[in-house]
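**Student:** sharing a sequence plus its predicted fold:
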Amino acid sequence: MQFTRCGIHGFHEVLGIDADELRFYWALESNVESSVQIAYRIILATESKLLEAADPDVSRLAWDSGRVESNEQRNILCKPSGGFKSTCSYFWQSTMAQSSISSRAILDPVCCPPYSMNQTYMPHSSLIFRTWFEDEANRWKAVWIGDGGDKPIYLRKSFQLAKQPTRAILFASGLGHFNMSVNGQPASDHRLDPGWTNYHRRVQFTSYDVTSHLSAGENALGAHVGNGFYAGDQGEDRFFWPMYEDNTYVRYGNELCFFCELHLFYDDGSHDTLISDPTWKVRKSATTLANIYASENHDRRLYPTNWDMPTFDDSNWAPAKPLTGPRGHIFYQTQPPVVLHETFQPVKTYSPEDGVVCFDLGQNASTMVQLVLEGASGSEVIVRYSETVNEDGTVLMPDPLFKQFETGVFSRIYLAGTGEPEMWEPDFSFTSARYIQVEGVSLTAGEGLPIVHSVVGRHISSAARRLGTMNTDKEDVNALLNACYWTFNSNLFSYHTDCPQIEKFGWLEVTHLLAPATQYIRDMESLYTKILDDILDTQEPNGLVPTMAPEIRYMCGPLHDTITWGCALCFLPDILLKYYGSTHVIAKVYPAAVRYMEYMKTKERRGGLIEHGLGDWGRDIAFGNHQANIETAIYYRCLQCVEMMARELGKMDEAEKFNAWASRIYKVYNQHLLVTDDSSRPYAYYTSLDNYPERDRTAIGQAMALQFGLVPAEHQTDVMAAFVDDCSDGRMRAGEIGLRFLFNTLADAKRPDLVLQMARQEEHPSYMRFLRRGETTLLEFWQDECRSKCHDMLGTIYEWFYAAVLGLKPVDNAYRTFEINPPYEAEFDFVEGAVDSPYGLIEVKFQRDAKKVVTLDLRVPFGTSATVKIPMNVQKVEVTREGGLKTVLDGENLQVQHGNYKLVIQSS
């Protein structure tokens, strides 16, 4: 038995955790069939050497779980009675019973001061009054600094170290975004730190271990700070979506600001701190415009070479100014950082006209481009980005309402003219693009223009752990899987957006609608944890949860208040429990969820229906419909989620209240929407109230009731028949909200043929039409030319592929038990895939030969069990476990524990 992974729920990185309690998890691996975890012990210490002892001194431990008889590997609560010390390193070790193997992970350092860095008071007054109301030993010492302006800045601090520290931890934040360097080297691979939040409520700091960056003698810290959404900058001629049309965007702050503390630990036990203060130096950046919508101005002539090196002469730089800083309290960045991933080399380079060179990267994706240019000093180069091109290959925004995006999104670069190739990449902006258009350049010398040596696209996305892969014997399906994959990955940052190009907003419906699909791709636990903080910060005093978080642009009507978006507050704790086995968010979310349900109660009509909202958004572009069916079903499920949270917290009386509340909605839903007396139909069905009192019978009306458990048992067969009847022509009549439930109900109906028929339609709505037209990601709506072509909201078919084609579905929380139901009844003869679940890697390989004999290879992780579904007409099943015996079974479903298996299934 050995450990393969361990960590702390809700945190991607652990170098500065500021929580009062932690929840541990681990994954194990064993080749022994009978091996099980029967007990564990976790110890926590501030000295790593204490963990090395065979029998550690309990009196010196920070926390000791003692021996716990349990096979649990997740959600293990650690809450030391004395709390955690600030700026202190913690080490933890988990030991399994009947095993000499242990695992140690470092929590280093846990930084949890009793007061947040809330600089609403001026720095000079904090110096006067700090001892009156602060814990001096544990408080933050640094102040926010800058130059008092709203254009990008460089900040630097040189300092002497008498000796090499044994440990150097840097805590920092810069708003809107910042890049941190130490002695000329990046402090990390992070981009766009810190993650976007409602800066009036919450500001994130990041932590870096910079021990290896420092040395005895002269050292330097450097910070490059840009605007982001904190102080969004449209410039004179650029597109900035929050200011488009009605200009409802209001800056969080007007002064770019920076904050840091460098904690230096020495082998003699001493501890020094270097802070941001007016002794730092500041100057304007060579990046003179930082518009997050892929629009920057950068003048290479202004770039101070080696500005973040110790030997740089900063005598002409100005002293940094102490600033008030943001209003929000400061918290550790829990979600994965944003980082660069794959690099896309152009698949085609062409010049549609003199002075213009275009590059086709071959794949649409969220990207930060990188250019290498060479030319005379002061040469101006323009870089444009697009997901679509004209017939001549130049950039195009196909939606006439958003032509400003075509003309107003570009970066302007002025060359230094050093005689050597000059590299440029954006500092504080990104977009979604397949095509890069560079103006004012040529491919070869002799034309009097700068030469463009190279252009590449570098995919930018969340650093969340990648989990899943899938492949089939159908090339069109593989292309669709690839398009979904790139669309999903291109919308994950410090929040989950639905479009990294034209909007970049934190719309909330995609977080819960796409969670069951995304969990096959990325480990989303810590990102969902952060998104819940965003929602809590955005919730209004009356309990309303807006449609986006953070709320960057004020919307009105149902675009502001719709339960199918706001329900993410209630759904995400349930999603974290189901897919990750974690309950760490429930205590803080529950009160807000209760307030939201009380608010929604004021919206009830006809005794309990919710008819205020966007309905099945995205159907017929953005046509609202099925409000009563969709909004009320979501309301019902929200109440069930709040009941779950109440039970987890031991609030049984409150849980019963929400149970009764949900039961009332169940009755009202069926009273008004279930039709059992229509003599023109051979079955009961659900109608919408769109054209009341006329009755309709749509697939979405049936799917919502079936998927949310709203159909009385005696009518389930009828309602499923009504559903299939409306789907029988193989056409998708669903918007963004209904689409997921359409596919899930088709999976329950065992109709993969209809799903594939829908996907392959020649005309819209059709996924394959996108691909046939050369698209490599999903579009916003079912139309050929959309304003946005990297929109993930229609991507819920990805969940269907993993759950119904690969056949992998979690049953118990965190895949403790899961189901394998291969595509016996579908057209696929080969499907393989893998998902690195919370307990370990699950692998499935399905093959069917010409004689209809199925071979199924399966890997089941330690600590889990799988149910393999066997079709009814099976003659025999041969099961071979790697390292074990071969057995022959009849056609019953097969239960297997951890190990590698080969099943040969022969039909009668």
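**Tutor:** Great, that's in hand.
**Student:** alpha carbons only for contacts and neighbour counts from here, please
**Tutor:** Noted.
**Student:** now the strands: where do they sit in the stretch 701-850 of the chain?
**Tutor:** Counting by DSSP state E, counting those that start in this stretch, the stretch 701-850 of the chain has strands at residues 808-810, 817-820, 830-837, 840-848.
**Student:** what about the nearest residue to D209 once chain neighbours are set aside, distance to R156?
**Tutor:** Closest residue to D209 apart from its sequence neighbours, by CA to CA, 6 or more residues apart in numbering: I169 at 4.7 Å. Using CA to CA, to the nearest Å, one obtains 17 Å as the distance from I169 to R156.
**Student:** report the central residue of this protein.
**Tutor:** Central residue of the chain (CA atoms, centre = their mean): L492, 4.2 Å from the mean position.
**Student:** contacting residues for that residue?
**Tutor:** Neighbour list for L492: S461, S462 [criterion: CA atoms under 8 Å, 6 or more residues apart in numbering].
**Student:** quick check on it: phi, psi?
**Tutor:** The phi/psi pair for L492 (degrees, to the nearest 10) reads phi -110, psi 120.
**Student:** tell me where the stretch 251-400 of the chain has strands.
**Tutor:** Remark: strands assigned in the stretch 251-400 of the chain by DSSP E, counting those that start in this stretch are 257-265, 271-275, 281-284, 287-291, 295-299, 318-319, 321-322, 329-332, 338-344, 348-353, 356-374, 380-386.
**Student:** mind putting those strands into TSV with mean pLDDT?
**Tutor:** Compiled in TSV, the strands of the stretch 251-400 of the chain are given as follows (pLDDT from 0 to 100):
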stretch	mean pLDDT
strand 257-265	93
strand 271-275	92
strand 281-284	98
strand 287-291	97
strand 295-299	97
strand 318-319	98
strand 321-322	94
strand 329-332	88
strand 338-344	98
strand 348-353	96
strand 356-374	97
strand 380-386	97
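**Student:** is it possible to export those strands to JSON lines including distance to I531 and mean neighbour count?
**Tutor:** What follows is the strands of the stretch 251-400 of the chain, written out as JSON lines (distance: least, CA to CA, whole Å; neighbours: other CA atoms under 10 Å):
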{"stretch": "strand 257-265", "distance to I531": "23", "mean neighbour count": "23"}
{"stretch": "strand 271-275", "distance to I531": "30", "mean neighbour count": "15"}
{"stretch": "strand 281-284", "distance to I531": "33", "mean neighbour count": "22"}
{"stretch": "strand 287-291", "distance to I531": "23", "mean neighbour count": "25"}
{"stretch": "strand 295-299", "distance to I531": "26", "mean neighbour count": "24"}
{"stretch": "strand 318-319", "distance to I531": "37", "mean neighbour count": "18"}
{"stretch": "strand 321-322", "distance to I531": "31", "mean neighbour count": "21"}
{"stretch": "strand 329-332", "distance to I531": "14", "mean neighbour count": "20"}
{"stretch": "strand 338-344", "distance to I531": "15", "mean neighbour count": "17"}
{"stretch": "strand 348-353", "distance to I531": "39", "mean neighbour count": "15"}
{"stretch": "strand 356-374", "distance to I531": "20", "mean neighbour count": "23"}
{"stretch": "strand 380-386", "distance to I531": "29", "mean neighbour count": "22"}
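**Student:** switch those over to TSV; also include distance to R202.
**Tutor:** What follows is the strands of the stretch 251-400 of the chain, written out as TSV (distance: least, CA to CA, whole Å):
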stretch	distance to R202
strand 257-265	14
strand 271-275	21
strand 281-284	26
strand 287-291	22
strand 295-299	26
strand 318-319	28
strand 321-322	20
strand 329-332	5
strand 338-344	18
strand 348-353	44
strand 356-374	26
strand 380-386	32
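**Student:** compare those strands and give me the one nearest L746.
**Tutor:** Minimum separation from L746 across those (CA to CA) falls at strand 356-374, 30.0 Å.
**Student:** C-alpha coordinates for that closest one, PDB please?
**Tutor:** Provided in PDB are the C-alpha atoms of strand 356-374 (Å, rounded to 0.1, in the frame of the first residue of the first chain):
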ATOM      1  CA  VAL A 356      -0.300  42.900 -42.900                       C
ATOM      2  CA  VAL A 357       0.600  39.300 -41.900                       C
ATOM      3  CA  CYS A 358      -2.000  36.900 -40.500                       C
ATOM      4  CA  PHE A 359      -1.500  33.600 -38.600                       C
ATOM      5  CA  ASP A 360      -3.900  30.800 -38.200                       C
ATOM      6  CA  LEU A 361      -3.200  28.900 -35.000                       C
ATOM      7  CA  GLY A 362      -5.400  26.000 -36.000                       C
ATOM      8  CA  GLN A 363      -7.200  25.900 -32.700                       C
ATOM      9  CA  ASN A 364      -9.500  28.500 -31.100                       C
ATOM     10  CA  ALA A 365      -8.700  28.800 -27.400                       C
ATOM     11  CA  SER A 366      -8.100  31.300 -24.600                       C
ATOM     12  CA  THR A 367      -4.700  32.700 -25.400                       C
ATOM     13  CA  MET A 368      -1.900  35.100 -24.600                       C
ATOM     14  CA  VAL A 369       0.100  35.600 -27.800                       C
ATOM     15  CA  GLN A 370       3.800  36.000 -28.100                       C
ATOM     16  CA  LEU A 371       5.500  37.800 -30.900                       C
ATOM     17  CA  VAL A 372       9.100  38.200 -31.900                       C
ATOM     18  CA  LEU A 373       9.700  41.300 -34.000                       C
ATOM     19  CA  GLU A 374      12.700  43.200 -35.400                       C
END
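**Student:** helices or strands up against it?
**Tutor:** On a contact count with 3 or more CA pairs under 8 Å, 6 or more residues apart in numbering; DSSP states H and E, strand 356-374 meets strand 338-344, strand 348-353, strand 422-424, strand 431-439, strand 451-462, helix 475-489.
**Student:** confidence score at the residue lying closest to G735 once chain neighbours are set aside?
**Tutor:** Closest residue to G735 apart from its sequence neighbours, by CA to CA, 6+ apart: R619 at 3.8 Å. For R619, the model assigns a pLDDT of 83.
**Student:** give the contact list for R619.
**Tutor:** Under the criterion of CA under 8 Å, 6+ apart, the neighbours of R619 are R733, A734, G735, E736.
**Student:** hmm, back to that, can you name the residues bridging to the residue nearest to the centre of the chain?
**Tutor:** Beta bridges link L492 to H496, judged by DSSP bridges.
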